[in-house]
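Engineer: Can you look at this prediction? I've put the sequence above it.
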Amino acid sequence: MRTGWLTHPRYIEHDTGQGHPERPDRLRAICAAVEKAGLLDRLTVIEPRAAEEEHLLAVHEKDYLERLEAACKTGARYIDVPDSAICRDSHAIARLSAGAGLAAIDAIMDGRIDNAFCAIRPPGHHCEVDRSMGFCLLNNAAIAARYAQRVHGLSKVLILDWDVHHGNGTQHIFESDPTVFYCSLHEHPSFCYPGTGYAWEKGEGAGEGATLNIPMPPNSTDAEYQEAFFSRFLPAARQFDPDLVIVSAGFDAHEDDPLASEDLTQACFDWMAKRTKELARQCSGGRLVSLLEGGYNLDVLATCVVSHLQILLQESEEEDLMLLKSGLG
Amino acid sequence: MFVSDRMTRDVVTIDESGTVREAAELIAERRIHQLPVVREKQCLVGIVTDRDLRSVHDPEMMAGPVSAIMSRDPITVWPGSPLEDALLLLYRHRFGALPVTVAAAPDCCLGKGMHRLVGIISRTDILAALIEMLGIEEAGTRIEVELPEQSAVAVVGVINAVAQTQTRVVSLTLSGPRGRQSRRLYIRLSTIDPRRAIDALREAGYTIAHPSCDLI
(Lines give C-alpha, C1' and ligand atoms only; values in the text may rest on other atoms or scores of the structure.)
Protein backbone atom coordinates (compact mmCIF):
# COMPACT_ATOMS: atom_id res chain seq x y z
CA MET A 1 0.00 0.00 0.00
CA ARG A 2 1.09 3.57 -0.56
CA THR A 3 0.89 5.19 2.85
CA GLY A 4 1.26 8.93 3.31
CA TRP A 5 3.43 10.21 6.18
CA LEU A 6 2.64 13.73 7.27
CA THR A 7 4.54 15.57 9.92
CA HIS A 8 6.31 18.93 10.25
CA PRO A 9 9.32 20.21 12.20
CA ARG A 10 7.23 23.14 13.44
CA TYR A 11 5.00 20.77 15.46
CA ILE A 12 7.92 20.51 17.88
CA GLU A 13 7.87 24.29 18.40
CA HIS A 14 4.43 24.19 20.07
CA ASP A 15 5.84 24.85 23.55
CA THR A 16 3.53 23.70 26.36
CA GLY A 17 5.93 24.47 29.20
CA GLN A 18 7.78 22.35 31.68
CA GLY A 19 6.11 19.23 33.05
CA HIS A 20 3.29 19.25 30.51
CA PRO A 21 2.47 15.74 29.26
CA GLU A 22 1.58 16.89 25.73
CA ARG A 23 5.18 17.84 24.98
CA PRO A 24 7.44 18.25 21.93
CA ASP A 25 9.35 15.09 22.87
CA ARG A 26 6.32 13.07 21.81
CA LEU A 27 6.96 13.92 18.18
CA ARG A 28 10.72 13.70 18.53
CA ALA A 29 10.30 10.14 19.82
CA ILE A 30 7.91 9.19 17.02
CA CYS A 31 10.09 10.64 14.24
CA ALA A 32 13.25 9.02 15.60
CA ALA A 33 11.55 5.62 15.83
CA VAL A 34 10.07 5.87 12.33
CA GLU A 35 13.48 6.69 10.93
CA LYS A 36 15.21 3.95 12.93
CA ALA A 37 12.67 1.39 11.70
CA GLY A 38 13.66 2.30 8.14
CA LEU A 39 10.11 3.27 7.26
CA LEU A 40 10.85 6.59 5.58
CA ASP A 41 11.85 4.88 2.31
CA ARG A 42 8.59 3.00 2.17
CA LEU A 43 6.33 5.89 3.16
CA THR A 44 5.18 8.66 0.85
CA VAL A 45 6.28 11.87 2.53
CA ILE A 46 3.72 14.64 2.12
CA GLU A 47 4.17 18.10 3.57
CA PRO A 48 1.23 19.45 5.55
CA ARG A 49 0.00 22.95 4.80
CA ALA A 50 -1.66 25.40 7.15
CA ALA A 51 -5.41 24.80 7.06
CA GLU A 52 -7.11 27.72 5.31
CA GLU A 53 -9.44 29.90 7.37
CA GLU A 54 -12.54 28.83 5.43
CA HIS A 55 -11.95 25.21 6.42
CA LEU A 56 -11.43 26.15 10.07
CA LEU A 57 -14.65 28.17 9.93
CA ALA A 58 -16.52 25.09 8.73
CA VAL A 59 -16.06 23.81 12.29
CA HIS A 60 -15.08 26.63 14.65
CA GLU A 61 -16.65 29.98 15.47
CA LYS A 62 -14.83 33.02 14.13
CA ASP A 63 -14.77 34.48 17.61
CA TYR A 64 -12.86 31.46 18.94
CA LEU A 65 -10.29 31.56 16.13
CA GLU A 66 -9.71 35.25 16.85
CA ARG A 67 -9.38 34.59 20.57
CA LEU A 68 -6.85 31.83 19.92
CA GLU A 69 -4.78 34.03 17.64
CA ALA A 70 -4.91 36.95 20.07
CA ALA A 71 -4.02 34.78 23.09
CA CYS A 72 -0.92 33.48 21.31
CA LYS A 73 0.10 36.93 20.09
CA THR A 74 -0.17 38.50 23.53
CA GLY A 75 1.96 35.78 25.08
CA ALA A 76 -0.76 34.12 27.19
CA ARG A 77 0.37 30.86 28.79
CA TYR A 78 -2.87 29.03 28.05
CA ILE A 79 -6.28 29.44 26.45
CA ASP A 80 -9.56 28.76 28.30
CA VAL A 81 -8.10 26.15 30.68
CA PRO A 82 -4.56 25.65 32.07
CA ASP A 83 -4.47 22.23 30.33
CA SER A 84 -4.44 23.99 26.97
CA ALA A 85 -0.99 25.53 27.16
CA ILE A 86 0.14 27.79 24.31
CA CYS A 87 3.15 29.76 23.14
CA ARG A 88 3.39 32.62 20.65
CA ASP A 89 3.53 30.27 17.65
CA SER A 90 0.83 27.87 18.78
CA HIS A 91 -1.88 29.39 16.62
CA ALA A 92 0.17 28.97 13.43
CA ILE A 93 1.27 25.48 14.47
CA ALA A 94 -2.30 24.43 15.28
CA ARG A 95 -3.33 25.46 11.75
CA LEU A 96 -0.47 23.37 10.39
CA SER A 97 -1.62 20.48 12.56
CA ALA A 98 -5.19 20.75 11.23
CA GLY A 99 -3.82 21.10 7.68
CA ALA A 100 -2.12 17.69 7.71
CA GLY A 101 -5.45 15.89 7.44
CA LEU A 102 -6.45 18.12 4.52
CA ALA A 103 -3.23 17.43 2.61
CA ALA A 104 -3.64 13.71 3.30
CA ILE A 105 -7.20 13.72 1.94
CA ASP A 106 -6.05 15.63 -1.18
CA ALA A 107 -3.32 13.05 -1.81
CA ILE A 108 -5.74 10.15 -1.37
CA MET A 109 -8.27 11.75 -3.72
CA ASP A 110 -5.52 12.50 -6.30
CA GLY A 111 -4.54 8.85 -6.19
CA ARG A 112 -1.03 9.55 -4.91
CA ILE A 113 -1.52 7.43 -1.78
CA ASP A 114 -4.02 4.89 -0.43
CA ASN A 115 -4.03 5.89 3.22
CA ALA A 116 -2.13 8.18 5.57
CA PHE A 117 -0.91 8.78 9.09
CA CYS A 118 -0.47 12.32 10.38
CA ALA A 119 2.03 12.65 13.23
CA ILE A 120 0.72 15.98 14.48
CA ARG A 121 0.40 18.13 17.56
CA PRO A 122 -1.42 19.87 19.11
CA PRO A 123 -4.12 17.17 19.17
CA GLY A 124 -7.75 18.01 18.42
CA HIS A 125 -10.62 15.88 19.66
CA HIS A 126 -11.45 17.79 22.87
CA CYS A 127 -11.68 21.15 21.10
CA GLU A 128 -15.24 22.46 20.91
CA VAL A 129 -16.72 24.83 18.32
CA ASP A 130 -16.04 27.80 20.56
CA ARG A 131 -13.45 26.81 23.15
CA SER A 132 -10.31 24.88 23.80
CA MET A 133 -10.14 21.94 26.19
CA GLY A 134 -7.68 19.19 27.14
CA PHE A 135 -4.56 20.22 25.14
CA CYS A 136 -6.60 20.69 21.93
CA LEU A 137 -6.57 24.01 20.05
CA LEU A 138 -8.35 23.11 16.79
CA ASN A 139 -10.47 20.02 16.15
CA ASN A 140 -8.27 18.36 13.52
CA ALA A 141 -10.51 15.36 12.84
CA ALA A 142 -13.65 17.48 12.50
CA ILE A 143 -11.93 19.95 10.16
CA ALA A 144 -10.70 17.04 8.00
CA ALA A 145 -14.17 15.44 7.89
CA ARG A 146 -15.92 18.64 6.79
CA TYR A 147 -13.14 19.28 4.24
CA ALA A 148 -13.59 15.83 2.71
CA GLN A 149 -17.30 16.51 2.36
CA ARG A 150 -17.13 20.08 1.09
CA VAL A 151 -14.09 19.93 -1.19
CA HIS A 152 -14.06 16.33 -2.37
CA GLY A 153 -17.76 15.53 -2.23
CA LEU A 154 -17.35 12.47 -0.02
CA SER A 155 -20.75 12.30 1.54
CA LYS A 156 -20.41 9.97 4.53
CA VAL A 157 -17.45 10.17 6.89
CA LEU A 158 -16.75 7.85 9.81
CA ILE A 159 -14.61 9.13 12.67
CA LEU A 160 -13.31 6.33 14.87
CA ASP A 161 -11.78 7.69 18.07
CA TRP A 162 -9.81 5.20 20.15
CA ASP A 163 -7.98 7.76 22.27
CA VAL A 164 -8.57 6.78 25.92
CA HIS A 165 -10.39 10.08 26.53
CA HIS A 166 -13.79 10.74 25.00
CA GLY A 167 -13.67 13.17 22.08
CA ASN A 168 -16.29 15.56 23.43
CA GLY A 169 -15.49 18.21 20.82
CA THR A 170 -15.85 15.92 17.82
CA GLN A 171 -19.05 14.43 19.22
CA HIS A 172 -20.65 17.81 19.85
CA ILE A 173 -19.66 19.19 16.43
CA PHE A 174 -21.40 16.33 14.61
CA GLU A 175 -24.10 15.55 17.17
CA SER A 176 -27.00 16.42 14.87
CA ASP A 177 -25.25 15.58 11.59
CA PRO A 178 -26.29 12.18 10.16
CA THR A 179 -23.52 12.30 7.52
CA VAL A 180 -20.67 12.00 10.02
CA PHE A 181 -20.69 8.90 12.21
CA TYR A 182 -18.69 9.50 15.38
CA CYS A 183 -17.70 6.40 17.29
CA SER A 184 -15.53 6.43 20.39
CA LEU A 185 -14.04 3.76 22.62
CA HIS A 186 -12.78 5.39 25.82
CA GLU A 187 -12.33 4.97 29.54
CA HIS A 188 -15.69 5.33 31.28
CA PRO A 189 -16.67 8.98 31.90
CA SER A 190 -17.18 8.38 35.62
CA PHE A 191 -13.49 7.63 35.99
CA CYS A 192 -11.76 9.61 33.30
CA TYR A 193 -11.60 13.05 31.69
CA PRO A 194 -13.64 14.78 30.31
CA GLY A 195 -16.68 13.03 31.83
CA THR A 196 -18.73 12.76 28.64
CA GLY A 197 -19.29 9.81 26.31
CA TYR A 198 -21.91 7.82 28.18
CA ALA A 199 -23.48 5.05 26.12
CA TRP A 200 -26.79 6.92 26.10
CA GLU A 201 -25.27 9.82 24.13
CA LYS A 202 -26.35 8.67 20.66
CA GLY A 203 -26.65 11.89 18.68
CA GLU A 204 -29.50 14.36 18.44
CA GLY A 205 -32.27 15.25 16.02
CA ALA A 206 -31.35 14.20 12.49
CA GLY A 207 -28.05 12.87 13.86
CA GLU A 208 -29.69 10.42 16.25
CA GLY A 209 -27.92 7.11 15.86
CA ALA A 210 -24.86 8.67 14.19
CA THR A 211 -22.96 8.80 17.49
CA LEU A 212 -21.80 5.59 19.14
CA ASN A 213 -20.12 5.72 22.53
CA ILE A 214 -18.51 2.61 23.94
CA PRO A 215 -17.30 3.49 27.45
CA MET A 216 -14.87 0.93 28.83
CA PRO A 217 -14.38 0.29 32.58
CA PRO A 218 -10.96 1.15 34.00
CA ASN A 219 -8.36 -1.63 33.59
CA SER A 220 -10.04 -3.08 30.50
CA THR A 221 -7.84 -5.53 28.62
CA ASP A 222 -7.11 -6.24 24.96
CA ALA A 223 -9.77 -8.95 24.92
CA GLU A 224 -12.43 -6.62 26.33
CA TYR A 225 -11.60 -3.87 23.85
CA GLN A 226 -11.58 -6.35 20.96
CA GLU A 227 -14.93 -7.76 21.98
CA ALA A 228 -16.47 -4.24 22.13
CA PHE A 229 -14.83 -3.25 18.85
CA PHE A 230 -15.93 -6.41 17.09
CA SER A 231 -19.48 -6.74 18.34
CA ARG A 232 -20.49 -3.09 18.73
CA PHE A 233 -18.36 -0.83 16.58
CA LEU A 234 -17.80 -2.91 13.44
CA PRO A 235 -21.44 -3.82 12.70
CA ALA A 236 -22.55 -0.19 13.16
CA ALA A 237 -19.70 1.08 10.99
CA ARG A 238 -20.47 -1.41 8.21
CA GLN A 239 -24.09 -0.41 8.29
CA PHE A 240 -23.15 3.28 8.03
CA ASP A 241 -20.97 2.39 5.02
CA PRO A 242 -18.61 5.41 5.04
CA ASP A 243 -16.89 6.98 2.02
CA LEU A 244 -13.92 7.91 4.19
CA VAL A 245 -12.59 6.63 7.50
CA ILE A 246 -10.80 9.04 9.84
CA VAL A 247 -9.12 7.63 12.93
CA SER A 248 -8.51 9.81 16.00
CA ALA A 249 -5.57 7.65 16.99
CA GLY A 250 -4.53 8.14 20.59
CA PHE A 251 -2.28 5.55 22.17
CA ASP A 252 -3.05 6.44 25.78
CA ALA A 253 -5.25 3.43 26.54
CA HIS A 254 -1.96 1.52 26.76
CA GLU A 255 -1.24 -0.09 30.14
CA ASP A 256 1.92 1.99 30.58
CA ASP A 257 0.35 5.35 29.78
CA PRO A 258 0.52 7.73 32.74
CA LEU A 259 -2.75 9.66 32.21
CA ALA A 260 -5.45 7.00 32.21
CA SER A 261 -6.13 3.54 33.61
CA GLU A 262 -6.76 1.14 30.74
CA ASP A 263 -4.61 -1.96 30.29
CA LEU A 264 -4.13 -2.37 26.54
CA THR A 265 -0.97 -3.66 24.94
CA GLN A 266 0.41 -2.66 21.56
CA ALA A 267 -1.16 -5.81 20.10
CA CYS A 268 -4.63 -4.34 20.61
CA PHE A 269 -3.80 -1.10 18.79
CA ASP A 270 -2.40 -3.21 15.94
CA TRP A 271 -5.51 -5.36 15.90
CA MET A 272 -7.82 -2.33 15.82
CA ALA A 273 -5.78 -0.76 13.02
CA LYS A 274 -6.05 -3.95 10.95
CA ARG A 275 -9.80 -4.20 11.45
CA THR A 276 -10.21 -0.51 10.61
CA LYS A 277 -8.15 -0.84 7.47
CA GLU A 278 -10.23 -3.83 6.47
CA LEU A 279 -13.38 -1.81 7.08
CA ALA A 280 -12.05 1.02 4.90
CA ARG A 281 -11.25 -1.49 2.17
CA GLN A 282 -14.79 -2.90 2.31
CA CYS A 283 -16.66 0.40 2.48
CA SER A 284 -14.48 3.35 1.50
CA GLY A 285 -12.21 2.09 -1.29
CA GLY A 286 -9.46 1.87 1.32
CA ARG A 287 -9.59 5.63 2.06
CA LEU A 288 -8.28 5.98 5.61
CA VAL A 289 -6.66 8.95 7.33
CA SER A 290 -5.26 8.40 10.79
CA LEU A 291 -4.56 11.45 12.97
CA LEU A 292 -2.45 11.39 16.12
CA GLU A 293 -4.33 12.42 19.28
CA GLY A 294 -2.94 11.44 22.72
CA GLY A 295 -0.32 9.03 24.05
CA TYR A 296 2.01 10.25 26.79
CA ASN A 297 4.49 7.45 27.40
CA LEU A 298 7.21 8.23 24.86
CA ASP A 299 8.47 4.67 24.33
CA VAL A 300 4.98 3.23 24.04
CA LEU A 301 3.88 6.02 21.72
CA ALA A 302 6.85 5.61 19.38
CA THR A 303 6.54 1.80 19.22
CA CYS A 304 2.79 1.93 18.66
CA VAL A 305 3.06 4.51 15.88
CA VAL A 306 5.77 2.51 14.06
CA SER A 307 3.60 -0.59 14.20
CA HIS A 308 0.54 1.41 13.13
CA LEU A 309 2.44 2.62 10.06
CA GLN A 310 3.60 -0.90 9.22
CA ILE A 311 -0.01 -2.04 9.27
CA LEU A 312 -1.10 0.82 7.02
CA LEU A 313 1.69 -0.12 4.59
CA GLN A 314 0.78 -3.80 4.41
CA GLU A 315 -0.73 -5.11 1.17
CA SER A 316 -4.25 -6.48 1.54
CA GLU A 317 -3.33 -9.97 0.34
CA GLU A 318 -0.55 -10.11 2.87
CA GLU A 319 -3.03 -9.11 5.52
CA ASP A 320 -5.57 -11.71 4.53
CA LEU A 321 -2.92 -14.39 4.80
CA MET A 322 -1.81 -13.19 8.20
CA LEU A 323 -5.38 -13.14 9.39
CA LEU A 324 -5.95 -16.68 8.22
CA LYS A 325 -2.83 -17.79 10.02
CA SER A 326 -3.70 -16.02 13.23
CA GLY A 327 -7.22 -17.41 13.14
CA LEU A 328 -8.77 -13.97 13.63
CA GLY A 329 -10.18 -13.70 10.13
CA MET B 1 -29.16 27.27 47.55
CA PHE B 2 -32.76 27.91 48.51
CA VAL B 3 -36.06 26.46 47.38
CA SER B 4 -36.89 29.70 45.55
CA ASP B 5 -33.75 29.24 43.39
CA ARG B 6 -34.97 25.90 42.09
CA MET B 7 -38.78 25.87 42.19
CA THR B 8 -41.07 26.16 39.19
CA ARG B 9 -42.97 29.45 39.54
CA ASP B 10 -45.50 28.95 36.80
CA VAL B 11 -47.55 26.25 38.54
CA VAL B 12 -50.32 24.32 36.82
CA THR B 13 -53.30 24.37 39.23
CA ILE B 14 -56.98 23.53 39.30
CA ASP B 15 -59.73 25.49 41.03
CA GLU B 16 -61.45 23.64 43.84
CA SER B 17 -64.70 23.83 41.86
CA GLY B 18 -63.14 21.82 39.00
CA THR B 19 -64.12 18.20 38.40
CA VAL B 20 -62.03 15.08 38.85
CA ARG B 21 -62.20 14.58 35.08
CA GLU B 22 -60.77 18.05 34.46
CA ALA B 23 -57.96 17.30 36.90
CA ALA B 24 -57.20 14.03 35.09
CA GLU B 25 -57.12 15.83 31.76
CA LEU B 26 -54.79 18.54 33.07
CA ILE B 27 -52.40 15.97 34.53
CA ALA B 28 -52.29 14.04 31.26
CA GLU B 29 -51.97 17.09 29.00
CA ARG B 30 -49.32 18.90 31.02
CA ARG B 31 -47.48 15.67 31.84
CA ILE B 32 -47.36 16.33 35.57
CA HIS B 33 -47.87 14.08 38.55
CA GLN B 34 -49.09 16.54 41.19
CA LEU B 35 -51.79 19.15 40.78
CA PRO B 36 -52.30 21.76 43.51
CA VAL B 37 -55.96 22.63 44.14
CA VAL B 38 -56.57 26.36 44.73
CA ARG B 39 -59.25 28.84 45.66
CA GLU B 40 -59.18 32.21 43.89
CA LYS B 41 -56.07 31.18 41.87
CA GLN B 42 -53.56 31.46 44.69
CA CYS B 43 -54.80 30.03 47.94
CA LEU B 44 -53.72 26.42 48.34
CA VAL B 45 -56.50 24.18 49.64
CA GLY B 46 -55.24 20.74 48.66
CA ILE B 47 -53.29 18.62 46.21
CA VAL B 48 -54.30 15.81 43.90
CA THR B 49 -51.85 13.34 42.38
CA ASP B 50 -51.96 11.04 39.37
CA ARG B 51 -52.07 8.16 41.84
CA ASP B 52 -55.23 9.59 43.52
CA LEU B 53 -56.82 9.81 40.08
CA ARG B 54 -55.90 6.28 39.03
CA SER B 55 -58.00 4.92 41.89
CA VAL B 56 -61.13 6.72 40.65
CA HIS B 57 -63.21 4.48 38.37
CA ASP B 58 -66.76 5.51 39.26
CA PRO B 59 -68.12 7.80 36.45
CA GLU B 60 -70.18 9.72 38.98
CA MET B 61 -67.08 10.49 40.98
CA MET B 62 -65.26 11.55 37.79
CA ALA B 63 -67.94 14.18 37.23
CA GLY B 64 -67.79 15.27 40.88
CA PRO B 65 -65.62 17.98 42.43
CA VAL B 66 -61.88 17.43 42.69
CA SER B 67 -62.05 18.58 46.29
CA ALA B 68 -63.76 15.28 47.11
CA ILE B 69 -60.63 13.27 46.37
CA MET B 70 -57.79 15.73 47.06
CA SER B 71 -55.50 15.60 50.08
CA ARG B 72 -56.31 18.53 52.34
CA ASP B 73 -53.71 20.65 54.13
CA PRO B 74 -50.78 19.27 52.13
CA ILE B 75 -47.26 19.46 53.46
CA THR B 76 -45.59 22.51 51.98
CA VAL B 77 -42.22 24.16 52.04
CA TRP B 78 -41.30 27.83 52.32
CA PRO B 79 -39.46 29.48 49.38
CA GLY B 80 -36.77 30.70 51.76
CA SER B 81 -36.00 27.21 53.07
CA PRO B 82 -32.67 25.68 52.18
CA LEU B 83 -32.91 23.12 49.40
CA GLU B 84 -32.03 20.45 51.95
CA ASP B 85 -35.45 20.93 53.64
CA ALA B 86 -37.27 20.15 50.41
CA LEU B 87 -34.96 17.19 49.81
CA LEU B 88 -35.70 15.75 53.27
CA LEU B 89 -39.47 16.23 52.97
CA LEU B 90 -39.56 14.64 49.51
CA TYR B 91 -37.45 11.73 50.72
CA ARG B 92 -39.23 11.07 54.04
CA HIS B 93 -42.76 11.33 52.67
CA ARG B 94 -41.93 9.73 49.30
CA PHE B 95 -43.52 12.70 47.52
CA GLY B 96 -42.83 13.52 43.89
CA ALA B 97 -43.20 17.27 44.41
CA LEU B 98 -43.97 19.80 47.14
CA PRO B 99 -46.07 22.96 46.86
CA VAL B 100 -44.10 26.05 47.87
CA THR B 101 -46.16 28.51 49.90
CA VAL B 102 -46.00 31.68 51.93
CA ALA B 103 -48.46 32.89 54.57
CA ALA B 104 -51.49 34.42 52.91
CA ALA B 105 -52.38 38.06 53.41
CA PRO B 106 -54.94 38.65 56.19
CA ASP B 107 -57.61 39.68 53.68
CA CYS B 108 -57.12 36.45 51.69
CA CYS B 109 -60.23 34.40 50.92
CA LEU B 110 -59.01 31.74 53.35
CA GLY B 111 -58.29 34.09 56.16
CA LYS B 112 -55.33 34.30 58.48
CA GLY B 113 -52.88 31.41 58.71
CA MET B 114 -53.62 30.05 55.25
CA HIS B 115 -51.14 29.42 52.46
CA ARG B 116 -50.57 31.28 49.24
CA LEU B 117 -49.06 29.08 46.50
CA VAL B 118 -45.93 30.61 44.91
CA GLY B 119 -44.30 27.58 43.29
CA ILE B 120 -43.74 23.84 43.22
CA ILE B 121 -40.50 21.89 43.66
CA SER B 122 -40.06 18.35 42.40
CA ARG B 123 -37.57 15.53 42.87
CA THR B 124 -36.24 16.30 39.39
CA ASP B 125 -35.58 19.94 40.39
CA ILE B 126 -33.52 18.66 43.32
CA LEU B 127 -31.63 16.14 41.19
CA ALA B 128 -30.81 18.92 38.69
CA ALA B 129 -29.47 21.03 41.56
CA LEU B 130 -27.35 18.11 42.83
CA ILE B 131 -25.95 17.47 39.34
CA GLU B 132 -24.95 21.11 39.19
CA MET B 133 -23.46 21.11 42.69
CA LEU B 134 -21.42 17.98 41.97
CA GLY B 135 -20.35 19.43 38.61
CA ILE B 136 -21.10 16.11 36.92
CA GLU B 137 -21.74 17.71 33.55
CA GLU B 138 -18.61 19.85 33.60
CA ALA B 139 -15.41 18.62 31.99
CA GLY B 140 -13.02 17.22 34.51
CA THR B 141 -11.45 14.30 36.29
CA ARG B 142 -12.86 12.92 39.51
CA ILE B 143 -10.68 11.83 42.40
CA GLU B 144 -11.81 10.01 45.57
CA VAL B 145 -9.59 10.67 48.55
CA GLU B 146 -9.80 8.65 51.76
CA LEU B 147 -9.97 10.99 54.75
CA PRO B 148 -8.40 9.79 58.00
CA GLU B 149 -10.76 12.00 59.99
CA GLN B 150 -13.42 14.53 59.24
CA SER B 151 -11.54 17.45 60.76
CA ALA B 152 -11.09 20.71 58.92
CA VAL B 153 -7.35 20.05 59.08
CA ALA B 154 -7.71 16.84 57.05
CA VAL B 155 -9.86 18.64 54.47
CA VAL B 156 -7.47 21.58 54.26
CA GLY B 157 -4.63 19.12 53.71
CA VAL B 158 -6.39 17.81 50.62
CA ILE B 159 -7.07 21.32 49.36
CA ASN B 160 -3.47 22.40 49.94
CA ALA B 161 -2.16 19.42 48.01
CA VAL B 162 -4.50 20.07 45.11
CA ALA B 163 -3.75 23.81 45.19
CA GLN B 164 -0.17 23.09 44.09
CA THR B 165 -1.47 21.93 40.73
CA GLN B 166 -3.22 25.23 39.92
CA THR B 167 -6.21 23.47 38.43
CA ARG B 168 -9.74 24.72 38.92
CA VAL B 169 -11.87 22.81 41.42
CA VAL B 170 -15.20 21.95 39.82
CA SER B 171 -16.74 20.43 42.95
CA LEU B 172 -15.89 19.15 46.39
CA THR B 173 -18.08 16.80 48.44
CA LEU B 174 -17.55 14.80 51.58
CA SER B 175 -19.16 11.66 52.94
CA GLY B 176 -18.77 9.92 56.26
CA PRO B 177 -17.86 6.24 56.62
CA ARG B 178 -20.61 3.79 55.77
CA GLY B 179 -20.39 0.02 55.78
CA ARG B 180 -17.17 -1.11 54.16
CA GLN B 181 -16.53 2.28 52.66
CA SER B 182 -14.17 4.66 54.34
CA ARG B 183 -14.75 8.37 54.95
CA ARG B 184 -14.09 10.09 51.66
CA LEU B 185 -13.69 13.41 49.95
CA TYR B 186 -14.78 13.58 46.33
CA ILE B 187 -13.08 16.21 44.27
CA ARG B 188 -13.58 17.07 40.61
CA LEU B 189 -10.74 18.93 38.89
CA SER B 190 -10.99 20.56 35.49
CA THR B 191 -7.95 18.83 34.06
CA ILE B 192 -7.16 15.94 31.76
CA ASP B 193 -4.02 15.26 33.79
CA PRO B 194 -4.79 14.43 37.44
CA ARG B 195 -1.33 12.99 38.08
CA ARG B 196 0.10 16.09 39.72
CA ALA B 197 -2.83 16.31 42.09
CA ILE B 198 -2.67 12.59 42.86
CA ASP B 199 1.09 12.70 43.44
CA ALA B 200 0.75 15.73 45.72
CA LEU B 201 -2.04 14.00 47.68
CA ARG B 202 -0.01 10.81 48.11
CA GLU B 203 3.00 12.83 49.18
CA ALA B 204 0.84 14.51 51.82
CA GLY B 205 -0.06 11.02 53.09
CA TYR B 206 -3.52 10.60 51.61
CA THR B 207 -4.83 7.41 50.00
CA ILE B 208 -6.63 7.59 46.65
CA ALA B 209 -9.60 5.24 46.45
CA HIS B 210 -9.83 3.24 43.24
CA PRO B 211 -12.90 1.61 41.79
CA SER B 212 -12.88 -2.06 42.66
CA CYS B 213 -13.75 -4.44 39.89
CA ASP B 214 -16.68 -6.05 41.68
CA LEU B 215 -18.42 -2.66 41.68
CA ILE B 216 -18.43 -2.30 37.91
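Structural biologist: All right, it came through fine.
Engineer: would residue A:5 count as being in a strand?
Structural biologist: Yes - assigned with DSSP: H, G, I helix; E, B strand; the rest coil, residue A:5 falls within a strand.
Engineer: What sits closest to it if chain neighbours are left out?
Structural biologist: Spatial nearest neighbour of residue A:5, chain neighbours left out: residue A:43 (3.8 Å); criterion: CB to CB, 6 or more residues apart in numbering or on different chains. Quick note: C-beta positions are derived from backbone N, CA and C, even for glycine.
Engineer: same thing with residue B:196?
Structural biologist: Spatial nearest neighbour of residue B:196, excluding adjacent residues (CB to CB, 6+ apart): residue B:165 at 4.3 Å.
Engineer: OK, contacts around residue 177?
Structural biologist: I'll assume chain A. Residues near residue A:177 by CB atoms under 8 Å, 6 or more residues apart in numbering or on different chains: A:206, A:207, A:210.
Engineer: my bad, chain B
Structural biologist: So, once contact is read as CB under 8 Å, 6+ apart, residue B:177 ends up touching residue B:183.
Engineer: who touches residue 105 in this structure?
Structural biologist: Going with chain A. Contacts of residue A:105 (CB under 8 Å, 6+ apart): A:144, A:147, A:148, A:151, A:152, A:244, A:289.
Engineer: oops, I was thinking of chain B
Structural biologist: Residue B:105 neighbours (CB under 8 Å, 6+ apart): residue B:116.
Engineer: One more: residue A:155?
Structural biologist: A:149, A:179, A:243.
Engineer: And for residue A:28?
Structural biologist: Contact analysis of residue A:28 by CB under 8 Å, 6+ apart lists residue A:12.
Engineer: And residue B:119, by the same measure?
Structural biologist: B:3, B:4, B:7, B:8, B:9, B:11, B:79, B:99, B:100.
Engineer: now do 7 Å
Structural biologist: B:7, B:8, B:9, B:11, B:79, B:100 (CB atoms under 7 Å, 6 or more residues apart in numbering or on different chains).
Engineer: Next: residue A:269.
Structural biologist: A:251, A:304, A:308.
Engineer: quick one: which of those residues is most hemmed in?
Structural biologist: residue A:251 (28 neighbours; other CB atoms under 10 Å in any protein chain shown).
Engineer: Help me confirm that residue A:158 is found in a strand?
Structural biologist: Yes - looking at residue A:158 with three-state DSSP, it is inside a strand.
Engineer: burial measure for it, as a count.
Structural biologist: Using other CB under 10 Å, residue A:158 has 28 neighbouring residues.
Engineer: Give me the buried subset of the contacts of residue A:105.
Structural biologist: Buried subset of the contacts of residue A:105 (neighbour count, 16 or more other CB atoms under 10 Å in any protein chain shown): A:144, A:147, A:148, A:152, A:244, A:289.
Engineer: Isn't the second one up against residue A:54?
Structural biologist: Translated: residue A:147. No - Residue A:147 lies out of contact with residue A:54 (CB atoms under 7 Å); the separation is 9.6 Å.
Engineer: Flag every residue of chain B that's near chain A.
Structural biologist: Residues of chain B found near chain A (CB under 7 Å from any CB of the partner chain) are B:136, B:139-141, B:166-167, B:190-193, B:195, B:211, B:216.
Engineer: Give me the neighbour count for the residue lying closest to residue B:67 once chain neighbours are set aside.
Structural biologist: Take residue B:67 and drop its neighbours on the chain: the residue closest to it by CB to CB, 6+ apart is residue B:16, 4.8 Å away. When counting by other CB under 10 Å, one arrives at 16 neighbours for residue B:16.
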